[in-house]
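Engineer: sequence first, then the predicted structure, then my questions.
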Amino acid sequence: MKNFKDKVATISGAGSGIGQQLAILLAQQGCHLSLADVNEQGLAETLERMKASGVNVTIQKVNVAKLEEVRHWAEQTVHDHGGVNMIFNNAGVALASTVEGESYEELEWIVNINFWGVVYGTKEFLPLIKLTGDGHIINISSLFGLMAQPTQSAYNATKFAVRGFTESLRQELDLENSGVSALSVHPGGIRTNIANSARSNSSLKTLGVDPERATRSFNKLLRCPPEDAARQILEAVQKNKRRLLIGNDAKALDLIQRILPTHYQKVIELATTIRKKKGTGQKKIN
């Protein structure tokens, strides 16, 4: 797909962050849009920002964790736009907890959105995209889909799963020569609201981590503007890339993981311990 003019793109999580910026950039390039989010106010704000775009934009409240809602979204998209060329499975949530401390309900919540939401979006839209002979599946994983972090086991699990799912899909599409491709996206620290909206529980305290301080520290690492991330994603689609790393942090940590495929964990443990000591005012590690 060399250009987006007169194509039709669907985007989940389009009410803010990367999803919203993807919508804006695609509209500027003449792409028609079917936007979804569980946050209706955010969707309305996205729509308001594209009033003068001159493209056909439809919005729909969708909880991507529910198959029937994603299926209805796909059917409505074809009804409203006549077809669909792309889906950006972008919606996602975060959970901070130890493995021992996270409840089964919390695990089901994040897996249903971050992984099953991608599966539902891919499977419901893929047959429709194949009909065009010129399409793309874009699944948003994470830097944490390449390397694991303490307190992020559930998030890591979902993002590793998205990566494996997408890479397998890409190979199948290439073997079929279907005209459809797939891209696995691994953003680093993108300046979105995901940290502030993340769920956490008291189990973090067993590791000496204060949840509020951890959120503030994490927000300081979110340096890349979402519009830059969106631009890089669209460029990667046009170049038919298999994987996209966004941000110097993602590229650096990916390199560390490649050089130290298991020992990188010790590096992270050390860095986490240093941050924890600084947070409590201690000057050195014993």
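Structural biologist: Yes, it's here. Numbers count the residues shown, from 1 in each chain.

Engineer: drop to CA atoms for contacts and neighbour counts, all remaining ones
Structural biologist: Will do.

Engineer: low-confidence ranges in the stretch 51-200 of the chain?
Structural biologist: Low-confidence segments of the stretch 51-200 of the chain (pLDDT under 70): 191, 195-196.

Engineer: ok, now with 80
Structural biologist: Applying pLDDT under 80 to the stretch 51-200 of the chain picks out residues 189-198.

Engineer: quick one: the strands in it?
Structural biologist: For the stretch 51-200 of the chain, applying DSSP state E, counting those that start in this stretch gives strands covering 57-61, 86-89, 95-96, 135-140, 180-187, 199-200.

Engineer: what's the closest of these to Ile259?
Structural biologist: With CA to CA as the measure, strand 180-187 is the member of those nearest Ile259 (18.3 Å).

Engineer: which residues touch that closest one?
Structural biologist: Outside strand 180-187, the residues within contact range by CA atoms under 8 Å, 6 or more residues apart in numbering are 129-130, 133-146, 162-163, 166-167, 169-170, 173-174, 229, 233, 236-237, 240-247, 250.

Engineer: run the last query once more with 7 Å
Structural biologist: 130, 133-143, 163, 166-167, 169-170, 173, 241-247, 250 (CA atoms under 7 Å, 6 or more residues apart in numbering).

Engineer: just the buried positions in the strand or helix carrying Leu253, please.
Structural biologist: Using DSSP states H and E, Leu253 sits within helix 248-259. Across helix 248-259, burial judged by 16 or more other CA atoms under 10 Å covers 249-251, 253-254, 256-257.

Engineer: redo these as a markdown table? Include distance to Lys5.
Structural biologist: Output for these, formatted as a markdown table (distance: CA to CA, whole Å):
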| residue | distance to Lys5 |
| --- | --- |
| Asp249 | 32 |
| Ala250 | 30 |
| Lys251 | 31 |
| Leu253 | 36 |
| Asp254 | 34 |
| Ile256 | 39 |
| Gln257 | 38 |
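
Engineer: could you measure from Glu106 over to His186?
Structural biologist: Computed as CA to CA, to the nearest Å, the Glu106 to His186 distance reads 23 Å.

Engineer: neighbour count: the two, which is higher?
Structural biologist: Of the pair Glu106 and His186, His186 is the one with more neighbours under other CA atoms under 10 Å, namely 24 against 17.

Engineer: quick one: contacts for the nearest residue to the more buried one once chain neighbours are set aside?
Structural biologist: Distances taken as CA to CA, 6 or more residues apart in numbering place Ser142 nearest to His186, at 4.0 Å, with adjacent residues excluded. Taking CA under 7 Å, 6+ apart, we find Ser142 in contact with 159, 185-188.

Engineer: can you map out the helices along the chain?
Structural biologist: Residue ranges of the helices in the chain, as given by DSSP state H, are 17-28, 40-48, 67-81, 104-114, 116-130, 153-176, 194-197, 211-220, 226-238, 248-259, 264-279.

Engineer: which of these sits most buried?
Structural biologist: Highest mean neighbour count of those: helix 17-28, a mean of 23 (counted as mean count of other CA atoms under 10 Å).

Engineer: what residues does that helix touch?
Structural biologist: Residues from elsewhere that reach helix 17-28, judged by CA under 7 Å, 6+ apart: 4, 11-14, 46, 50, 53, 55, 90, 192, 226-227, 229-230.

Engineer: hmm, which two among these are most spread apart?
Structural biologist: Val55 and Thr192 (25.9 Å).
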